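1. next comes the sequence, and after it the predicted model I'd like to discuss.
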Amino acid sequence: MNRLAIILVSAILTISFQLAGQETFPLNDVANPREGCTAFIHATIIKDSKTTLQDASMIIRHGKIENIGSALPIPKDAVVIDCKGKYIYPSFIDIYSDYGVSANKTEGSSGDRGRQMTSSTKGAFGWNQAIRSENVSSDLFKVNPSKAKDLRAIGIGAVLSHQMDGISRGTGTFVTLGLEKENKVMLKEKASANFSFDKGSSTQDYPTSLMGAIALLRQNFLDAQWYQTKPAEEGINLSLQAFLDNRALPQIFEGNDKWNDLRADKVGDEFGVQFIVKGGGNEYQRIAEIKATNAPFILPLNFPLAMDVDDPIDSRFVSLADLKHWEMAPLNPAAFEKATIPFALTSTGLKELSSFIPNLRKAIKAGLSEQAALDALTKTPANLLKMYDQVGSLEKGKLANFLITSAPVFAEKTVIFQNWVQGNRYVVKDEGWKDRNGIYTLTLNNETYRMELKGDAAKPKILLIAKDTLKSELEMNDRLVRLSLSAKKDSLFKVKLSGVMSEERWNGTALFSTGKSAIWVATKSSELSLDADTAKTKKADSPFKNEGVVTFPFGGYGSQEIPSQETILIKNATVWTNEKGGKLEGTDVLIRKGKIAAIGKNLSEGKARIIDGTGKHLSAGIIDEHSHIAVSGEVNECSQSVTAESRITDVINPDDVNIYRQLSGGVTGSHILHGSCNTIGGQTQLLKLRWGANAEQMKFSNWDPFIKFALGENVKRSYYPSSTRFPDTRMGVEEVLADAFTRAREYQKLGPTKRKDLELEALSEILNKKRFITCHSYVQSEINSLIKIADRFNFTVNTFTHILEGYKVADKMNAHGSNASTFSDWWNYKMEVVDAIPQNAFLMQKNGVNVALNSDDAEMARRLNQEAAKSVKYANMDEQEALKMVTLNPAKMLHVADRTGSIKVGKDADLVLWSDHPLSIYAKSELTMVDGVIYFDRERDKKLREQILTERTRLLQKMISAKKDGEKTVPAAPSFAVRNYCEEGCHDGTSLLDRLENRESSRSSTQE
Amino acid sequence: MRKIFFILLIVISFVAKAQETMHPMAAQSTPVLIKNGTMHLGNGLIIEDGYLFFDKGKIVSVGSGAYDAPANAQVINAQGKQLYPGLIAASTNLGLIEVSAVRATADFAELGTMNPNIHSLVAYNTDSKVINTVRSNGILLAHIVPSGGYLSGTSSVVQLDAWNWEDAAYKMDNGIHLNLPVLLNRPGGTDQVKSGLETIEEIRNFFREAKAYNMEPVHTKTNLKFESVKGLFNSSQSLFVHCDLVREMMVAIDFAREFGFKLVVVGGSDSYLIPEVLKENKVAVILAQPHSLPSAEDDDIDQPYKTGAVLQKAGVLFTICLDQGFGYWRQRDLPFQAGTMAAYGLTKEEALSALTLNAAKILGIDQITGTLVAGKDANIVISEGDLLDMKTSKVTKAFIQGREINLDNKQSQLFEKYKAKYSIK
C-alpha cells in the first residue's frame, strides 16, 4: 500500500472518529466520540492580511478555532503540534469552481439535429433551455476526493461550486474540501446565483449569437418581474420562480473577457443588479472602464504560455496583441489593486492546477502586493459570499480551515505541508515538515564520520566525511531512512545503512558488502551555518520584466495616447462641400472644437495647426450604411424568423483592426448591422470610427435607432435546403412581416400590466416611427410587398439596402419615401441578383430616391469612394452627386445629416483629406478625422508600422529566449480574428483566411 | 432541388432573350487604321499622337505621326483617346460558372483529387451573360482555370468573342493546376503541415510515375492522367501551383525543381516576403486580388496594394488575377486592381504591362499578343481615358483578332430598358 493511500485511509478514520454529538446516521460500530482538540504552538500565525502573530498558538476543537493568540494555556486534552519555524494561514477560498458538481451532457450542436424551437427540459420550467435558474448545485453536489486533493494541494480549503452550464445557471453551493459527508462539508446550500453568456449544453436553437444571449437574459429579467404579478396565462413557471427566489443571493457573472465583463455589468445596471464579474485575465487592457463598473471581480491566473516561434513562417501570423498579452498578463491582478477594484482570485481557467501558485508568484513579482494577494484568496471571496463570519481569516469561532507552510506562503519554494479543513488534517506534503538539516556525528563500527545534511528540507543532500569524502546516497521515507556509502579511494568499502530517524538521533543496522553487519547511530551535533545555498535560491528567483505598454486598442495599431481634438486650418484645398456651393477650389477650412468653424479664402487662426491642402481634396468623411465590422460573436441571431430583440449595440468590438483600416480609406462612420439570416433581424448601431475608444464612446450619440430586416433568398434559407425554418418562400416572408406587425399592434393595446416583450417593443417602435428599418432586399416583387406592408401598418420603410433591382421599382420607392443603399456593381452571385446592373444607383437617383453605396464587406469599405466613381463610369453620373452617395446621402438616410455628411459651418468635423481627386483610383486618404480628431494620418501610420516591427521583434526574441530557458511552450497560434462579412455564404477570397478555406473547401466538396 | 431548377429555367429563358442580338463578329475583312491616339504599347512604351494599322487580324504597323493606309481602310480617329493591348484575365473561372449560389451552374471543380486530365476548355460557356460585361471593360482574353482536388486539371486561354469553345480557344491546354494543401497549423486543428506534406509526397509520386510512363517506348496500356501531364516534362506546359504562404511557395519551388517544371505561383499573398527566391528560381507569380485585406492583423494596412511593386522591383515576372469566389463577374474590376498597384508603387505603364505583356508571357502567348507590336494579333482596346481608373475608364471600341466586338451587354441593355420606362434620355 502506498503512502498516499495510507494518508487517505487515516484521514477517513479521523472523520469517523469525529462524528460527535447527535446525528441521524446509524452507526455500524460502537460510539467513538472525539473532541478533536489540537494545539498548534510556536507558529507564526497570519490571522489575516493585516495581522501576524509571532511564536503564537492556535487551539481548535470540533472543527472550529477555539482560541488563538500568544502565550495561550494549552488545554490538557489537546494533541500538541509544534510548529516552530512554520507558518499558519487561513486556507484559500475559490468562489469560481465546479468542484463536485458534474457537468451536463451536451447532445451535439444544434446544427446536427434540425430545429428545436423550445426547451427539451421536461417539467414546469421556462421556454428556453439555456435559462436554468431552477438548477440547484447543492442537489448535484458530491464529495470528490481526488479533485479535493488537487485543490487542497494549492492551498484551497473551500469553494463556491456551481454547474457551469447555461446562461442563467441557478445557484452555487459553498462547500469545504473536506472528505466528510456532504452534509458536513456544505457550508451554505445556496450561496450564489450564477450567469454567463454561454448557452452551454442547451440544444435549443435560440440563441445562436452573443447578442441573442444578451437579449435572452434581458428578457428573462423582464419576464421574472412580470411573473411576480402571478399572471394566469403563464401558470407555474419554476424557472422564473427560482430566478426570483435567487435574487437576494450574490449574483456572479462569467464575463471571461474585458468587453464581456462590461457587457454583463451593463445588463446588470439595467435591472439594478450589481454582478460580481468573473474576468478573463485581459482586464488590465481597459482598467478604467473596468473600474467604472463598480463591480467586484473574480480573476483567473490563466497567464498564456509562450509560443514556439522559432519558425518565422509560424510566428508571422501570431498577432502583436497575443504577444503583448503573453508578456503583460501577470500584471492583471496588480492593475486591479492599483485601481482599488475589489477582487478575488480563482484557480478556474488553468490548464494545470499546479500552475496556480507559480502564477500567483508571477503576479506578485509583477506588482501585486502579498497583502492584496492574501485578501483576494481569503477575506474578499468570503465577504463577497457573506461568509466572512465563518471563513476567510483565523479568528476564534471560525472554521478551522488553515494551511501550515514552511515559509511565508507566497515566497519562492515555500511548501504547503498541511491543509486543515474543518479541523481535519490533510497532508499535502510530508517531506521537509521536519527540517533535519544540520551537522551530525555518525558512528559505525567504532569509526566516526562527520555527516552534513543540507539543501531542500524535503530532499536534503548528504555529505559524509571521514578520512576522505565518502560517496553517499540518502533516501528518507517518513521516519525510515536508508543510506548507502562507498569510499572513493577504497572500492571495497561499501555499506548499506537502514534505520529510523527520531528528532536528534538516528540509528539502525548496517550491512557491509563483505556480508558483515553492524549497528550505527548518528546524533545531531550542530546547526548548519548559512552558506552559499541561500544565494543560489535567490539566483533562481528571476524577476518579472515587462517592457510593454497598454495601448488603445490593445494591439498593432493602437496608441498609448488616443489622439485628441485640435484646432486645424486646412489651407488652399479643393473642397467638396456637398452643399450649395458645390466644389470650391483653393479654399480654406477651419476646424475648432470638433466642428467645422469656418470655410473661405485666406482664413487665419493663431493657434491652429496648419495643413497645406494645395493640390489636395477635402471631402466629408465616408459613411458606410451597411457594415459588419467591429462585432463580437456572430452578426446573425439566426434561430428564429423574428429576433427584433437582439441588438448589435450590445456586441460592439472596438479592437477590430478593420476600424483602423477603414479610417485609412476615409471612412468616418459605419452603420453596423445584424446579418440577413432572418426576416426581422436585430437592432443596428451607428458608429463613429473613434479608433482607440471603447464601445460606448464609439457610438454615434443621439441618433434615431434602426433595425435590420431582410427578404429573399437568405431568409428563405435557400442555400440550406435541409432547413425547416418558416418561411421558405417570399409568400411566407410577407406573412411573417404581416404577423409581426399585427402582433405589435395588438401588443400596443395591452394595459400597463402587460409583460414587457422586447421583440414587440422594437416592432412597436417602428409603428410609432421611433425606430427605422433598413431592409436587405433585392428583387422587385419583394420590394413592392414590403412597401405594401408598411403602407398597411402606416409606417415608411426608411432604407432598402443592397436593393439591386431597385431600379425596376424606383418610382414606387420614391413614392413611398424610401432611401436606397446599394452595391455599385455586384451581380450574378445568386439568382436574386442576376438582373443587377451598375446603373442601378443612377436610375434610382433619377427617380428622386436618396441613394447611398455600401460595402457589406470589410475589404471594399476601404474603397467606397472608388465604388462611387463607378456610377460616373457606367452611367455618367455627375461627380459631386457620385461622391454624395458615400457621404451626405447615407448621412441623410441615417437621419444624421444635420451633423455630418457635408462640409458646412457648425457640422461635425468628420473629414478626409485626399491626395488626389476623391473619385480616382489614385487617391489616398492622407488624413481622416472624426470630430476634429485625426485618427488616421498617413505619416503617423509609417511610424506605427516601425513601432509594430520593433515591438514584434522584441517580443518574439523574448519568447525564443523563454523557450531556450526551458519555459513550457505551445505551438504558435495564428490569429485570424479578422473576418469580413459580406453576403451570406460569400467567400470572395479577399482575406487570407478566406483564401485558405476556399482552397480547402474546394477539396472537401469534391471528396464527398 | 427541383424548385431551384425550375426557377433557373424561368430566369435563364428570360435573360437569354435580353441578349440575343449580341453576337460574335466575323473575321476582319477590312483593314483598319486608328490614328491620333495615345498608344500604350504594353511593354512600358507610350507613343503620343500615334497610329496603329491592322489587317486580317494582325497588327501591321504601329508608330507616331501619319500612316499611309490603303484606300479601303476604315479610319478611326482616336484623338484624345487611349489605346491599349487587350487585357488578359490570368486566372479565372469565367464561363465555368454562371451564378455561384446555384450549384447547377458550376462547372469548375471536379470530384476526386487527381484530375490533371480534365480540361476546362470543354466546359467553357461562350454564352455566359457575364462575358460581355467583362470584355466591355477591356478584358479580351482569359485563362480559364479549373479548381478543386489537388491536381485540378488542365487550363486553356480563350478569346472572349466566340460562338463556341472551339473557336474561343486561343491557346489550348497551356497549364496544369496544382491546388496545394494548406501548410499552416491552426489552434485546435490537426497537424495540417504534416498531412499536407504527406499529400504532396503522393503527388510527387504521381509525377515520378508519369515520368517513367513517358519513358516507355510503347504503352501497353494508356493512362489518361499520365498522358495529360506530358507537356510539363518538355515545358510546353507550365505547372500553376495555387498557394499563398511562404512555406507553401518554398515547397512548390522544390517540387517544380525535382521535375524541371516551369512554375507559376497563383495566389502568392505572401510573395512579397521572398521576392529574391522567386526571382532566382524563375518563378512567375499570378498575384491574387490586390483589393484584399492584409493577410495578418499587424501587416501594413496597404500591403496587398503594394505587393506588386515589391515583385516588380525584384524583377519577378508577375500579373494579377481574381481567382476565387467571385472571380468571374468581378473580372471587370481587374484594370482597377492594377490601378491600385499604380497608386502604390508601380508606374502606370508597369501596371498595364502586368495585365498585358507579363500575363501573355506567363501564359505562353506573348508571341501573339500582350503588346501593340507589328505581327501580333490585333487585340486592342480604345478608352476615352485612363483604363486603370474607374473615374476615366470608358471603353469605346475593342478589337479581338481584328474583329471589332460588340461592347453591349445584358446590363447595359437592362439600363436602356429602364431608361425607357422612366423616360430618361
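-> Looks like it arrived, so ask away.
2. how many neighbours does the residue in the stretch 51-200 of chain B that chain A sits nearest to have?
-> Residue of the stretch 51-200 of chain B nearest chain A, by Cβ to the nearest Cβ: B:Ala101 (3.5 Å). (Glycine included, C-beta is placed from N, CA and C.) Residues within reach of B:Ala101, counting by other Cβ atoms under 10 Å in any protein chain shown, total 20.
3. what's the pLDDT at it?
-> On the pLDDT scale, B:Ala101 is placed at 91.
4. next one: A:Ala487
-> Looking at A:Ala487, its pLDDT is 75.
5. pull the contacting residues for the closest residue to it other than its chain neighbours.
-> Leaving out its chain neighbours, the residue that sits closest to A:Ala487 by Cβ to Cβ, 6 or more residues apart in numbering or on different chains is A:Phe493, at 3.9 Å. The neighbourhood of A:Phe493, defined by Cβ atoms under 8 Å, 6 or more residues apart in numbering or on different chains, consists of A:Leu470, A:Leu485, A:Ser486, A:Ala487, A:Ser513.
6. now swap in A:Ser355 and tell me
-> Listed by Cβ under 8 Å, 6+ apart, the contact set of A:Ser355 reads A:Leu301.
7. on that earlier part again, list only buried entries from the contacts of A:Phe493.
-> The neighbour count (16 or more other Cβ atoms under 10 Å in any protein chain shown) marks A:Leu470, A:Leu485, A:Ser486, A:Ala487 as buried among the contacts of A:Phe493.
8. for the second one, what are phi and psi?
-> For A:Leu485, the backbone dihedrals (degrees, to the nearest 10) come out as phi -120, psi 140.
9. which one of the contacts of A:Phe493 is nearest chain B?
-> Closest approach to chain B among the contacts of A:Phe493 (Cβ to the nearest Cβ): A:Ser486, at 49.2 Å.
10. re the thing from before, farthest-apart pair in the buried ones among the contacts of A:Phe493, please.
-> Using Cβ to Cβ, these reach their maximum pairwise distance at A:Leu485 and A:Ala487, which is 7.5 Å.
11. which neighbours do the two have in common?
-> With Cβ under 8 Å, 6+ apart, A:Leu485 and A:Ala487 have common neighbours A:Leu470, A:Lys471, A:Phe493.
12. relative to A:Ile837, how far out is the first one?
-> The one in question is A:Leu470. Distance from A:Leu470 to A:Ile837, counting by Cβ to Cβ, to the nearest Å: 97 Å.
13. so what secondary structure elements neighbour the helix or strand containing A:Ile252?
-> A:Ile252 is part of strand A:251-254, with elements assigned from DSSP states H and E. When contacts are defined as 3 or more Cβ pairs under 8 Å, 6 or more residues apart in numbering or on different chains; DSSP states H and E, strand A:251-254 packs onto strand A:92-97, strand A:186-196, helix A:258-270, strand A:276-278.
14. please enumerate residues in contact with that strand?
-> So strand A:251-254 is in contact with A:95-96, A:160, A:162, A:164, A:172, A:192-198, A:264-265, A:268, A:273-278, A:298, going by Cβ under 8 Å, 6+ apart.
15. and if we set it to 7 Å?
-> A:Ser192, A:Ala193, A:Asn194, A:Phe195, A:Ser196, A:Ala264, A:Val273, A:Phe275, A:Ile276, A:Val277, A:Lys278 (Cβ atoms under 7 Å, 6 or more residues apart in numbering or on different chains).
16. who's in contact with the residue of the stretch 901-1008 of chain A found nearest chain B?
-> Closest residue of the stretch 901-1008 of chain A to chain B, Cβ to the nearest Cβ: A:Gly989 (3.1 Å). Applying Cβ under 7 Å, 6+ apart to A:Gly989 gives the contacts A:Arg995, A:Asn998, B:Ala288, B:Gln289, B:Asp323, B:Gln324, B:Gly325.
17. mind running it again at 8 Å?
-> Counting by Cβ under 8 Å, 6+ apart, A:Gly989 makes contact with A:Arg995, A:Asn998, B:Ala288, B:Gln289, B:Ser292, B:Leu322, B:Asp323, B:Gln324, B:Gly325, B:Phe326, B:Gly327.
18. where does the prediction get shaky in the chain?
-> Let's take chain A. Flagging of chain A using pLDDT under 70 yields the residue ranges A:1-21, A:106-114, A:467, A:488, A:491, A:529-541, A:977-985, A:1004-1008.
19. not quite, I wanted chain B
-> Within chain B, the ranges that satisfy pLDDT under 70 run B:1-19.
20. what residues sit buried inside the top helix by length along it?
-> In chain B, assigned by DSSP state H, the helix with the most residues is helix B:192-215. Across helix B:192-215, burial judged by 16+ other Cβ under 10 Å covers B:Gln192, B:Val193, B:Gly196, B:Thr199, B:Ile200, B:Ile203, B:Phe206, B:Phe207, B:Ala210, B:Lys211, B:Tyr213.
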